[in-house]
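*Asks:* Model the following, please.
(chains A and B)
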Amino acid sequence: MGASAVGAALVPALLPKGRAQEIKGVNESGIMGPDVVRCASRLACLCGSCKNTVGDCAMLECGYCAPMRKRIAAMQADGHSDDDIVAAIVKENGKQALASPPTQGFSLFAWTAPWIAIAIGLAAIFAFIRRFSAKPQPAGEADTELLDRYQDRIEKDTAKLD
Amino acid sequence: MENIGALAILLAFCFAIYAVIASVAGKWSKRPFLVLSAQRAVYCVWALVTVASGLLIYALMYGDYRLAYVASHSNRAMSLVYKFAAWWGGQEGSLLLWNWLLASYAVIVVYRNRTKFREMMPYVTAILMATQTFFLILIAFVAKPFNVLTSMHGVVDVGDGNGLDPLLQYWTMAIHPPNLYLGYVGSTVPFAFAIGALITKQPGEGWIYTTRRWVLVTWLFQTTGILLGAGWAYAVLGWGGYWGWDPVENASLLPWITATAFLHSVMMQEKKGMMKVWNIVLVSTTFFLCIFGTFLTRSGVVSSVHAFASGSIGKFFVTFLAIGIAATVYLILNRLDFLKSESQLESVLSRESSFLFNNLILLASCFAVLWGTLFPVISEAVTGEKISVDAPFYNRVQVPIGLFLILLTGIGPLIAWRRSSVESLKRAFLWPMLASAGVAAVLAVLGVRHFYALMSFMLCAFVLITVALEFVKGASAISSKSGSNLLTSMVELTHRNTRRYGGYMVHVGIVLIFIGFTGKAFDKDTTQEVVPGNSLQIGRYTLHVASFDQGQNENYQWGKLNIDVSKDGDDLGRIEPEHRLYRASKSATSEVAIRRRLNDDLYVNFAGTSPDGQKVIIQAYVFPLVTWIWVGYWVVLLGTLVCLVPSKTKLIWAKTEVVGIAGKHAKAEN
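*Replies:* Predicted coordinates for the structure are as follows:
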């Protein structure tokens, strides 16, 4: 089944996310409203039982997330912005409270190192290609157009063999 | 019984040491009887570890609660399957399983190669048994599975145990760890062959063929283990997460990625005699990453949901890794002449180059996973501050890498070996590119706006179309000659070159898995309190909570919701999510209800009741396309098995040293 068939059949399912229940803050059962989810998704759940964010940790009674969600809701009710809330929580719990490393200081290295590694790898590959490429001797009067035609013919014929 | 078990382990340890010494000494001093005795010692190690394993299984099955391990990981209420699974439910038992699997692999290797690779086999045996010795040290002296519970009055029988973690009492968990271990432990075999070949400067390609097959088998076990784990997490944890980027999950992925890279780059060695150093590095890296993964799981270096209790075991792994890596690096550097490339690259536009880029992207992915896993430790060491590296980091880094990998999956097989002309590239890519762009356009017009998802669907379509064209072109050629129908011709085509077409099937499987991953971009979820008799809505589904039942058995208490499901008004039947409280461990688990379909899964978790007890809390999710992950696995399995079947047509690749086309002409003229 091609992706096209899958996509066409499933488009109704591939619609933007949405939360049906409209809750302000956090209710008595620990269910969050969308504003709390938005802010909580920037914070890591540090309970040790999962690697989710406070926004998507599914345990309603999670020892870390439940009070954190209430705190976020309370601060939002007081008019604090998401950035203020996150900054306050980081100030209290350290940078480990963030779901992903900050993009400054040493932590910036977390984000850049994989791309630096790819760049180094690419440089290594091109160095390898240069080093191990066949070095044609001076061609003299060789007819490159003719050779390309032969090459193309060989590829066509070998493709038929498969 | 515990004395016999402990003695068997100690004796196995002695025999393993003997096998290492006798193999190497026999080879060096040219005394075949010593080499033969080393091989016999391998059989003895297997027999002794089997005895120890059998005794532990017996103790678990029949409830010998004098043993600390049995009391910690089993209890009377557990079913026989999970009592058996408790063998690998804890640190000591799982290390015993590791030992048993390694001994079994060693027996297979020694037996199957009893008349082959006579130069190399003593070293292969020595490396297998050296690894075995290390793991036997762990269960003989550090994490002993036959320790008994004692008090001032001697040995104590506690009567019943704590039981296996309820989350682990699920069918995939009964087979997920053994599969993963089969993959992990199996990586020792190709490593042993690679090092054996390096030491003896093995001529010919026989050993690389054997190594490749072993890697393929262990890769399949790793794939199965990883996806069984994903399936378990999806069905058990209650929020539908099949991959959480937990350090231990990452540890299982790392050797899988390097093994995948090897399975591609080894073709360069087989067909062109190139990348020999790189292949040895990949086989060795895969092995050491397996050991490293085990170290992560058991040392407590990183915090993980899956980790075993930490202890002093970590330093043993560090020592083993340090010695192993240092010896391997020395050996590779010492044998660089033997590993010299036999051919040269002719063009950047060639299959050879595509393998280089494929390896780069796979290794970049591996590095990014390793980096993310270790960064909290590195950050704390450098700055003194702890950092969390969770799913958002991995998703942002890995998604572009993954997309590029799919692109290469589509491009690679269409590029010719040695060099491709621009004309042939146009011929190969024009229609797949147009068709996949068409898929993306249609999806965009129909309302799909997620950039990465669109890219993913487009690239997946590209790969599927290129693979389909390869099959159709080849089968049509056979069909026109033999007159058989297209399907029969496809089977014939595959049988003629199982590695190539089996490989294509594996690519299709991986693409299907990526389609499943892409569905994640469109997940829907809601958590609601519902009074029984009322309904909730998620997407096009309506969930009507008909009733709430409760009960208990000897293992757990349960509460169950009866929910009638309808979609756009059509009745889809009843689902019954359940909430359990296990008596022995006092821990709660969810038995989620999942309605699995190819287009989407409806996933419902009964999360408990509201504080006033009047309402039930339901977490409902719709996961589009997730089933394609599991479908993709079956295709990968089929493709890998096809790869393992010998081809009907014996393929011989000419290895010509290319000195330049023009140069040859010049020589001919002279």
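*Asks:* interface residues of the stretch 101-250 of chain B facing chain A?
*Replies:* B:237-239, B:241, B:244-246 (CB under 8 Å from any CB of the partner chain). The way it works is simple: take the backbone N, C-alpha and C, and place the C-beta from them, glycine included.
*Asks:* quick check, nearest of these to chain A?
*Replies:* B:Trp239 (3.5 Å; CB to the nearest CB).
*Asks:* Would you mind naming the helix or strand containing that closest one?
*Replies:* B:Trp239 belongs to no helix or strand when assigned by DSSP states H and E.
*Asks:* Then B:Ala620?
*Replies:* strand B:616-624.
*Asks:* Strands along the stretch 401-550 of chain B, start to end?
*Replies:* B:524-530, B:535-538, B:541-552 (DSSP state E, counting those that start in this stretch).
*Asks:* ranking those by burial, who's on top?
*Replies:* Neighbour counts (mean count of other CB atoms under 10 Å in any protein chain shown) averaged over each of the strands of the stretch 401-550 of chain B peak at strand B:524-530, with a mean of 22.
*Asks:* quick one on the thing from earlier: may I see the strands of the stretch 401-550 of chain B organised as CSV, with distance to chain A and mean pLDDT added?
*Replies:* Converted to CSV, the strands of the stretch 401-550 of chain B look like this (distance: least, CB to the nearest CB, whole Å; pLDDT from 0 to 100):
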stretch, distance to chain A, mean pLDDT
strand B:524-530, 5, 89
strand B:535-538, 6, 91
strand B:541-552, 10, 90
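*Asks:* who's in contact with residue 31?
*Replies:* Answering for chain A, as no chain was given. A:21, A:23, A:60, B:527-529, B:617 (CB atoms under 8 Å, 6 or more residues apart in numbering or on different chains).
*Asks:* oops, I was thinking of chain B
*Replies:* Counted by CB under 8 Å, 6+ apart, B:Arg31 has contacts B:Ala25.
*Asks:* Let me see the confidence value for it.
*Replies:* pLDDT recorded at B:Arg31 is 88.
*Asks:* For B:Gly474, see how far away it is.
*Replies:* Separation of B:Arg31 from B:Gly474 (CB to CB, to the nearest Å) stands at 53 Å.
*Asks:* swap in A:Gly33?
*Replies:* From A:Gly33 over to B:Gly474 (counting by CB to CB), the distance is 57 Å.
*Asks:* again, but for B:Val622
*Replies:* Taking CB to CB, one finds B:Val622 at 40 Å from B:Gly474.
*Asks:* possible to save the strands of the stretch 401-550 of chain B as CSV with distance to B:Ile127?
*Replies:* Formatted as CSV, the strands of the stretch 401-550 of chain B follow (distance: least, CB to CB, whole Å):
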stretch, distance to B:Ile127
strand B:524-530, 50
strand B:535-538, 55
strand B:541-552, 53
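*Asks:* Pull up the per-residue confidence for residue 50.
*Replies:* Chain wasn't specified; assuming chain A. Looking at A:Cys50, the pLDDT reads 77.
*Asks:* Chain B was what I was after
*Replies:* 96.
*Asks:* Now it: closest residue in space that isn't a chain neighbour?
*Replies:* B:Trp100 (6.5 Å; CB to CB, 6 or more residues apart in numbering or on different chains).
*Asks:* What helices and strands are in contact with the host helix or strand of B:Ser365?
*Replies:* Under the criterion of DSSP H and E, B:Ser365 resides in helix B:351-383. In terms of contacts (3 or more CB pairs under 8 Å, 6 or more residues apart in numbering or on different chains; DSSP states H and E), helix B:351-383 is packed against helix A:108-132, helix B:247-272, helix B:276-299, helix B:391-411.
*Asks:* closest to B:Phe221 out of those?
*Replies:* B:Phe221 sits nearest to helix B:247-272 of all these, at 10.0 Å, using CB to CB.
*Asks:* Kindly calculate the angle that the closest one makes with helix B:351-383.
*Replies:* On the basis of axes from the mean of the first three to the mean of the last three CA atoms, to 10 degrees, helix B:247-272 is oriented at 150 degrees to helix B:351-383.
*Asks:* what about the residue nearest to B:Phe287 when sequence neighbours are not counted, how many residues close to it?
*Replies:* Among residues not flanking B:Phe287 along the chain, B:Phe191 sits closest, at 3.7 Å (CB to CB, 6+ apart). Neighbours of B:Phe191 under the rule other CB atoms under 10 Å in any protein chain shown: 28.
*Asks:* one step back: how about the helices and strands packed on helix B:351-383 in TSV, adding distance to B:Cys14 and mean pLDDT?
*Replies:* TSV is the format used below for the helices and strands packed on helix B:351-383 (distance: least, CB to CB, whole Å; pLDDT from 0 to 100):
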stretch	distance to B:Cys14	mean pLDDT
helix A:108-132	44	87
helix B:247-272	30	89
helix B:276-299	23	89
helix B:391-411	45	91
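*Asks:* Now render these as JSON lines, adding mean neighbour count.
*Replies:* Formatted as JSON lines, these follow (neighbours: other CB atoms under 10 Å in any protein chain shown):
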{"stretch": "helix A:108-132", "mean neighbour count": "15"}
{"stretch": "helix B:247-272", "mean neighbour count": "23"}
{"stretch": "helix B:276-299", "mean neighbour count": "24"}
{"stretch": "helix B:391-411", "mean neighbour count": "19"}
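*Asks:* closest to B:Val49 out of those helices?
*Replies:* Between these, helix B:276-299 lies closest to B:Val49; by CB to CB that is 17.1 Å.
*Asks:* In terms of residue numbering, what are the domains of chain A?
*Replies:* A:16-100, A:101-134 (automatic domain parsing).
*Asks:* Highest mean neighbour count out of those domains?
*Replies:* domain A:16-100 (a mean of 18).
*Asks:* roughly how far out does that domain sit from the chain middle?
*Replies:* 20 Å (CA atoms, centre = their mean, to the nearest Å).
*Asks:* if I read this right, A:Lys95 contacts B:Val389, doesn't it?
*Replies:* No - between A:Lys95 and B:Val389 there is no contact under CB atoms under 8 Å: 10.9 Å.
*Asks:* shared neighbours of these two, which are they?
*Replies:* Common neighbours of A:Lys95 and B:Val389 (CB under 8 Å, 6+ apart) are A:Pro101.
*Asks:* Just the strands from the stretch 551-670 of chain B, written as ranges.
*Replies:* B:556-567, B:570-575, B:578-582, B:588-591, B:593-595, B:600-609, B:616-624.
*Asks:* Let's have those in a markdown table, adding mean pLDDT, mean neighbour count and distance to B:Ser104.
*Replies:* Listed next are the strands of the stretch 551-670 of chain B as a markdown table, based on pLDDT from 0 to 100; neighbours: other CB atoms under 10 Å in any protein chain shown; distance: least, CB to CB, whole Å:
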| stretch | mean pLDDT | mean neighbour count | distance to B:Ser104 |
| --- | --- | --- | --- |
| strand B:556-567 | 90 | 18 | 35 |
| strand B:570-575 | 92 | 12 | 42 |
| strand B:578-582 | 85 | 20 | 33 |
| strand B:588-591 | 82 | 19 | 33 |
| strand B:593-595 | 94 | 19 | 35 |
| strand B:600-609 | 90 | 23 | 37 |
| strand B:616-624 | 92 | 24 | 38 |
